[in-house]
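Student: missing the sequence, but the structure's below:
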């Protein structure tokens, strides 16, 4: 299939066959990722390929016990990485201007771009992936397990392997609610509700298939999907905690020297 057809058929894979990924295939996919555009062609990212079962077992906790971390034969972690470049600058007697938050964002964008390229390359070869939002949420714990040096921060990751399931395609918001022509277009409350209409129905049905989410929603008096998101799934205390942890970790990793 061509790349656009492939993109339209994307689904997250959470169940995998035990079949290993051949080393030459994995290298081909990773080499394709390295062709991704990056800021200034600096390539301020690193890709950590974790096959070792014991290491992946350790990574289960910061990845919130998501079973694909150990069920898939490979776990990829994409890191914002100025460590390599800053060492090169020092060896070349060049000024080091990359110990700040903006540099972290530059490197994070680089890492996320390459992660998507590799995801597409993997799917083109019949492999399945599932992105793990827990990578950024628990970057500090993951960084400790993976022995990350200063100026390296995990920002994205996904499980990788041959699919053992073929889940239904998830709904997506309509293009009319996401694409703005020429400038940002303000929309009415009615249009907002219309944009989320299908998501309200299908998302609610899917989440109610989870025993935990259903019971938590009932206990919290949740009446719709929006309330489920911010009352049960993505609470303010949890996001405040993740934000605080990440900022502390960025400081620890020497990305917060913003004094003028």
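Tutor: Ah, there it is. For clarity, every value in this text was computed on a predicted model and none was experimentally measured. Residues are numbered from 1 along each chain as shown.

Student: for the spatially most central residue of the chain, name its beta-bridge partners.
Tutor: For the chain, residue 156 is the residue whose C-alpha lies nearest the centre (C-alpha atoms, centre = their mean; 3.6 Å). In this entry, residue 156 is beta-bridged to residue 78, by DSSP bridges.

Student: might you report the residue contacts of it?
Tutor: 77, 78, 111, 112, 115, 131, 132, 135, 136 (C-beta atoms under 8 Å, 6 or more residues apart in numbering). To be clear about C-beta, it is placed using only N, CA and C from the backbone, and glycine gets the same treatment.

Student: same for the helix or strand hosting the last one, what does it pack against?
Tutor: Following DSSP states H and E, the helix or strand that holds residue 136 is helix 134-137. The helices and strands touching helix 134-137, judged by 3 or more C-beta pairs under 8 Å, 6 or more residues apart in numbering; DSSP states H and E, are strand 152-161, helix 236-252.

Student: point out where this protein drops to low pLDDT.
Tutor: Along the chain, segments meeting pLDDT under 70 span 1, 259-260.

Student: buried residues, the longest helix along it. List them.
Tutor: With residue count as the measure and DSSP state H as the assignment, the chain has helix 101-124 as its longest helix. The neighbour-count check on helix 101-124 (16 or more other C-beta atoms under 10 Å) flags 103-104, 106-123 as buried.

Student: again, but for stretch 124-137
Tutor: Neighbour count says stretch 124-137 has 127, 128, 129, 130, 131, 132, 134, 135, 136, 137 buried, by 16+ other C-beta under 10 Å.

Student: how distant is it from the center of its chain?
Tutor: Relative to its chain's centre, stretch 124-137 lies at 7 Å (C-alpha atoms, centre = their mean, to the nearest Å).

Student: stretch 116-125 too?
Tutor: 14 Å.

Student: what lies in contact with that stretch?
Tutor: 3, 6-7, 10, 25, 28-30, 32-33, 35-36, 47, 76, 128-129, 131, 158, 160.

Student: quick one: the residue nearest to residue 45 when sequence neighbours are not counted from residue 76, how far?
Tutor: Spatial nearest neighbour of residue 45, excluding adjacent residues (C-beta to C-beta, 6 or more residues apart in numbering): residue 111 at 3.9 Å. Taken as C-beta to C-beta, to the nearest Å, the spacing of residue 111 relative to residue 76 amounts to 11 Å.
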